[in-house]
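[1] Need coordinates for the below:
(3 chains)
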Amino acid sequence: MALAKRFKQLDHFSLETTGAYNLLPFNFHKLTAEKYFCANLVGEHLFLTQQELKKLVGGTLPTSSDTYLELKSKHFLYGLDSDAAIDLLALKFRTKHHRIAQFTALHIFVVTLRCDYTCQYCQVSRRMEDEGDFDMSHESAEASLEMLFLSPAKSVKIEFQGGEPLLNFELIKFIVETALAKNISHQKNLEFVVTTNLSMLDEDVLDFCEVHGIYLSTSLDGPKDLHNRNRPKASRNGYETTVAGIRRIQERIGPDKISALMTTTAASIEMPREIIDTYVELKFHSIFLRPLSPYGFAIKTKQAAKYNSERWLEFFKEGLDYIIELNQAGYFLVEQYTRIILRKLLTAENPGYVDLQSPAGIGISVIVYNYDGDVYASDEARMLKEMGDEKFRLGNVHNDTYEQIFSADSLLEGLEETLVESVPMCSECGYQTLCGSDPVYHYATQGDVVGKKPLSFFCNKNMGVITHILNLLQEPKTRKTLESWI
Amino acid sequence: MVIATDKRHLEFEIDEAVYSMECIKKSCYALMAIGNSEISTLTNHQILVKMAILQEVNQSDAEIRQLLFDELLDYSLRESISKQTEGVRNVILANAFSRSRLIG
Amino acid sequence: MVKLISTKNLLNYSAENGEVYRVSTNASLPSVLRKSEALIISDEQQEIPAGYGLVLSKEPREGCSTLSEDLWHLTDGDVVRVDANRNLIRALYRKNANANFLFVTERCNSFCLMCSQPPRDVDDGHLIEELISAVPLFDPSTMELGITGGEPTLLGDRFIALLRTIKNHLPHTAVHVLTNGRTASHKELVVEIAKLQHPDLMFGIPLYSDIASRHDFVVQAKGAFDETIRGILNLKSYSQKVEIRVVLHKQTYERLPDLARFIARNFQFVDHVALMGLEITGFTRANLDELWIDPLDYQDQLKEAVHILTRAGIRTSIYNLQLCLLPKSLWEFSVKSISDWKNKYYPECSGCSERHGCGGFFESSDLKRSPNIRALTFAKP
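    Below you'll find the predicted structure:
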């Protein structure tokens, strides 16, 4: 190299010529015999062959190789000439977890258990309309709001659940107005969401939602026959009502104010494309291909047993492939779960999805105020109670203080004992930074909060989804589509 | 322990000098959806793994053997990584949780 | 008594503190205001008014000093420094310039291959003292001041004093410090900076690679990468604004996307990233063979780097590159940045439809520039 005299060449500055290097902590997951997915403490990742991995761990990876440089840049190792990696990893680790300091951001108010539908997989035992005593009282709502404002979170989302929340619309109005009044002194960012089957949608509801910028979320399982089969309504017109409601909201208060979720049943699993088409016809730009959770009526009607993780993964893959095809044909449609994984994989942020985080989202990210004033660590914890197990009931807004509720034994145990960094298999899993812990799910299905991951649908599902996404990202056009979702 | 005679059984002898007991336990744990394992020590550093294969498993004996040895290799690599990085990992985490003023 | 005043280049000075004056063309200033002013007298003025700190004339004239032709552009509000013997004069500040840089020292603790201001290990402490006395004469409506060198932070508490003076006399002026950030790896300096509570202060810090040894090679200092990174982290931990700067040349273009990814993952809190074309001056000329690359040849890497940074939400700009050498998708990031007194255009540029949006070239591009410069002809909508 023809540098002027006073200047020194590259190898003067590089101690790499000695061949020595130090490993930084990382995990890996074998995809094929020739391809290992490797991720460091904060989710930066790359792929190695088995040979490269063995050499890397054995201390014999050639420091002149491009692989070595990539490992160094992405903080899988550091050389003798630089250890700034350690400071940077510490900072990145803090960044990934900084949301914890915000504490509980999602507050769910179960305003009633009454419902006019009889969905097959409902996780809440339904009480028919007009049965008394299943509505939340004003006193309980007030006390719950008091507790809500003790949360340090600067941005709070209040979600109304049920039964069918609009059957207790008066209380929803009360809660929104009271929350806004209390918030004058707290100055939090408040967001409101009503989950509803839309059968009770009327002008009053629409007006109120418009004035307060309230979001609505509904269930749309797919085309008419499927939807009605999964979600029967006495008057047998569930699908028409839902679709009419969706269109009405889109027109009246805006398409961004209504979203839909689907739940997969044994019947759904045969028709991913038709389900997605239903969403496209209704001009939705996001869909969440969810599995069935094992709570409530789902167990009673044997839905949960009906499909195992492999069959669901086939459904998911076919659905996602079709969604990508639609994107490439010009229709922007995001699959929500994929987007969460993509954010964890490709950005430095933490998307903050309560069902996929470690420490688990129970209590520290989400809290549920039930109609009777009881407080639950998550919506699933409430469903577990409906099945007869109160393990994750943390207390009652009328009898217990904030401190008592948030230091309840079952909550602390659920959090402390299930950290992915510590539990068997998760602690050494290559997908650790992309996944999370779900103590309530594992307790419900296996009887302990940690669960044996090889037998866990949660684990199998996540690993299957992540592996599929990693494979999709290998193809440049697909990669471009997926990156546009972040 | 009585083993039902209509179940498939596989036996593996593993040299403890090559794969540690920790590795072997972890590998068997990871394969619990394939079979239930019993681990015992023989003489001269040999470990015996008796795996009772679950009924619904379709993989052949050879495929299961491959799965086990794949896990053993992976866990032994992980063991080495963990040993080499335990110190620096503690430094990073201590640094991350210390009362630094960094606003992430 | 006639003296000839002239200036050779920006660095002609003697090592003693000079005198600073603000330029005025008003021969009738109230007496109380005259002492700090240097009057440029017009030919029509019969008498030389008394009381001015310095009187300058374009044509030789009895009783005042003569201003050489290259300084005839000096005008009201500019601030000059005159050396002790009064035969050298230099502009410290031009009121109407689109950028004013305060040059505080030639000393530096790095030795970059492409340094546009080659360091000298000299005792030039008087430079910053002159600037500290000059700042109160600057116009308070000045939008921005740059501080550069050498390495400004080597001046320690005098550097802090300069920042303080600027904050006190020019409270609405943004300050942009060009530094390698290495001294900021020691918290003490950063604490002092933070104590100032300057309302609008940014540190522009170069980072040339995601790999320590490569960065150290470009800046010719072992351990510089780690110090710079720690400096950035310290500045950020005390809430200072930080910009990362990358000069694009043969030693930095190949791993540019990797550097972008590194910045996006490790410094996503950074306030700005500046990607800069090479100026053929200083050490660049000596190392030209190992530095020069036609910008057209690194368009792919530049595109990818900008894509990675903007996808991570990081504000990114491209400086000192001409529009004909940039892919159109990057034009929105290109800043017309060459100082108005430095830029020029070439015959190849005549008839170019994009001239108004293009910063043109440095004078130094005479020595080396891309053979692919050409006039663009895009129809106007």
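
[2] Now do the same contact list for residue 85.
    Just going to use chain A. A:Leu24, A:His75, A:Tyr78 (Cβ atoms under 8 Å, 6 or more residues apart in numbering or on different chains). All C-beta atoms are positioned from the backbone trio N, CA, C, and that covers glycine.

[3] you looked at the wrong chain, it should be chain B
    Neighbouring residues of B:Thr85 by Cβ under 8 Å, 6+ apart: A:Leu23, A:Leu24, A:Pro25, A:Phe26.

[4] ok, and the closest non-adjacent residue to the spatially most central residue of chain C?
    When Cα atoms, centre = their mean is applied to chain C, the residue found nearest the centroid is C:Phe101 (4.6 Å). Using Cβ to Cβ, 6 or more residues apart in numbering or on different chains and skipping residues adjacent in sequence, the residue nearest C:Phe101 is C:Gly146, 4.0 Å away.

[5] What's the local residue count around C:Met143?
    By other Cβ atoms under 10 Å in any protein chain shown, 13 other residues sit near C:Met143.

[6] what about it, distance to B:Ala94?
    45 Å (Cβ to Cβ, to the nearest Å).

[7] B:Leu67 too?
    Computed as Cβ to Cβ, the B:Leu67 to B:Ala94 distance reads 38 Å.

[8] same thing with C:Phe101?
    Applying Cβ to Cβ to C:Phe101 and B:Ala94 gives a distance of 43 Å.

[9] which bits of chain C sit near chain B?
    Within chain C, the positions lying close to chain B (Cβ under 8 Å from any Cβ of the partner chain) are C:Leu233, C:Lys236, C:Ser237, C:Tyr238, C:Ser239, C:Phe269.

[10] Select only the buried ones of these in PyMOL?
    Restricted to buried positions by 16 or more other Cβ atoms under 10 Å in any protein chain shown, the PyMOL selection for the residues of chain C next to chain B reads:
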select buried, chain C and resi 233+236+237+238+269
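
[11] need the helices for the stretch 101-250 of chain A, in chain order.
    A:138-148, A:169-186, A:203-212, A:224-230, A:238-252 (DSSP state H, counting those that start in this stretch).

[12] Go through those helices and name the closest to chain C.
    Among those, helix A:169-186 comes nearest to chain C, with 24.8 Å by Cβ to the nearest Cβ.

[13] And B:Leu67 and B:Ala94? Which one has more around it.
    Higher neighbour count among B:Leu67 and B:Ala94: B:Leu67, with 16 against 10, using other Cβ under 10 Å.

[14] I'd guessed that one sits against B:Ala33; true?
    No. Contact criterion Cβ atoms under 8 Å: B:Leu67 and B:Ala33 do not qualify, at 10.4 Å.

[15] buried residues in the one helix or strand A:Met383 maps to?
    Remark: A:Met383 resides in helix A:379-386, with elements defined by DSSP states H and E. Using 16+ other Cβ under 10 Å as the test for burial, helix A:379-386 gives A:Asp379, A:Glu380, A:Ala381, A:Arg382, A:Met383, A:Leu384, A:Lys385, A:Glu386.

[16] which secondary structure elements does that helix contact?
    Counting contacts by 3 or more Cβ pairs under 8 Å, 6 or more residues apart in numbering or on different chains; DSSP states H and E, helix A:379-386 is packed against strand A:366-369, strand A:374-376, helix A:439-446.

[17] Nearest to chain B, out of the ones you listed?
    Once these are compared by Cβ to the nearest Cβ, helix A:439-446 is nearest, at 11.8 Å.

[18] how close does the residue of chain C found nearest chain B sit to A:Lys453?
    Residue nearest to chain B within chain C (Cβ to the nearest Cβ): C:Ser237, separated by 4.8 Å. Applying Cβ to Cβ, the value for C:Ser237 to A:Lys453 is 38 Å.

[19] Quick check: residues of the stretch 301-450 of chain A near chain C?
    Residues of the stretch 301-450 of chain A lying near chain C (Cβ under 8 Å from any Cβ): A:Thr347, A:Ala348.
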